[in-house]
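Undergrad: Sequence and predicted model, in that order:
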Amino acid sequence: MKALELKALSKNFGGLRAIRDISLEIEEGERRAIIGPNGAGKTTLFHLISGFLFPSSGRLSLFGGEMTHLQAHQRAALGMARTFQVTNLFQKLTLFENILLGVQAIKGTRFCFYRRVTSFRDVVYETERLLKEWNLWGKKDALLKNLSYGEQRQIEVIMALATKPRLLLLDEPTAGLSPAETILVTSIIKGLPHEITTLLIEHDMDVAFNIAERITVLHFGSILAEGSPEQIKGNAKVTEIYLG
């Protein structure tokens, strides 16, 4: 089954055509990277997929179901989760509280306002499980603002996984990280179960080639090339746009 399918997708901002007739298919369980120089349209494409923008033309489907005009929260309910290039966490809450909110987001109890969320044992148990699984239990009471940027990137991925997604979108997961933090986050992504289809934007070519099974190269809002990491490495057009 196709996890994600885009058909002739375009997005215009006035006279600027940011995305140009992109057709793309991603198989269920696949790990795909989208790369390209600055201004290629990568983030705009992610906004279209996740529902933060709507296309000027074209169609999108998720696991065979039409989603072109669905809002972002409706797509999330169908199994899509996304991280952002800039961390989007609750800096004044603790690590435990942040993960707790991610877990609660898919529970019916998220609409219950007369009980503390910590009174729901299934939510608390799942939060504890995730923190222990990712070796972060010892920092559960730390405020997010006091954790390193690399740890915050890791936590954002965990919060996305807390919603039990079928499709995970990762927007520049290693942006701003040190070499050691990049290795850590890369290993986390590579260790994700293949039941989760993973689509990532990545500027770091080494990271993209290390994680992805297939790579799509964008240039001026269009697909320039597509193939395995080896095919992309040997593509003369790709080399030209990166090296001149």
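TA: Okay, I see it. Numbering: from 1, shown residues only.

Undergrad: Now find how far off-centre stretch 204-218 is within its chain.
TA: Chain-centre distance of stretch 204-218: 14 Å, with Cα atoms, centre = their mean, to the nearest Å.

Undergrad: Could you list the buried residues of it?
TA: The neighbour-count check on stretch 204-218 (16 or more other Cβ atoms under 10 Å) flags 204-205, 207-212, 214-218 as buried. (C-beta placed from N, C-alpha, C; glycine too.)

Undergrad: Need the max-distance pair from those.
TA: By the measure Cβ to Cβ, Asn210 and Leu218 form the most distant pair in the buried residues of stretch 204-218, at 19.5 Å.

Undergrad: low-confidence ranges in this protein?
TA: Low-confidence regions of the chain, defined here as pLDDT under 70, cover residues 85-88, 105-120, 243-244.

Undergrad: What segments of it are strands?
TA: Using DSSP state E, the strands assigned to the chain run over residues 2-13, 16-27, 31-35, 57-62, 65-66, 80-82, 167-171, 197-201, 214-219, 222-227.

Undergrad: related to what we said a few turns ago, looking at the buried residues of stretch 204-218, spot the one nearest Val185.
TA: Val207 (8.4 Å).

Undergrad: and Gly150, how many neighbours?
TA: Look at Gly150: counted by other Cβ atoms under 10 Å, it has 18 neighbours.

Undergrad: Serialize the strands of the chain to TSV and add fields for distance to Ala72.
TA: Formatted as TSV, the entries for these read as follows, by distance: least, Cβ to Cβ, whole Å:
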stretch	distance to Ala72
strand 2-13	15
strand 16-27	17
strand 31-35	19
strand 57-62	12
strand 65-66	16
strand 80-82	8
strand 167-171	11
strand 197-201	16
strand 214-219	22
strand 222-227	24
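
Undergrad: Please enumerate the helices of the protein.
TA: Applying DSSP state H to the chain gives helices spanning 42-50, 72-77, 95-104, 121-133, 149-162, 179-190, 205-211, 229-233, 236-243.

Undergrad: Need those helices in JSON lines (columns: distance to Glu66).
TA: Output for the helices of the chain, formatted as JSON lines (distance: least, Cβ to Cβ, whole Å):
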{"stretch": "helix 42-50", "distance to Glu66": "14"}
{"stretch": "helix 72-77", "distance to Glu66": "11"}
{"stretch": "helix 95-104", "distance to Glu66": "27"}
{"stretch": "helix 121-133", "distance to Glu66": "31"}
{"stretch": "helix 149-162", "distance to Glu66": "24"}
{"stretch": "helix 179-190", "distance to Glu66": "29"}
{"stretch": "helix 205-211", "distance to Glu66": "29"}
{"stretch": "helix 229-233", "distance to Glu66": "31"}
{"stretch": "helix 236-243", "distance to Glu66": "33"}
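
Undergrad: Quick one: closest of the ones you listed to Thr198.
TA: Short answer: helix 179-190, nearest of those by Cβ to Cβ, at 6.8 Å.

Undergrad: So which elements touch that closest one?
TA: Under the contact criterion of 3 or more Cβ pairs under 8 Å, 6 or more residues apart in numbering; DSSP states H and E, helix 179-190 touches helix 149-162, helix 205-211.

Undergrad: Dump those to a markdown table, plus distance to Ala236.
TA: Listed next are these as a markdown table, based on distance: least, Cβ to Cβ, whole Å:
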| stretch | distance to Ala236 |
| --- | --- |
| helix 149-162 | 34 |
| helix 205-211 | 16 |
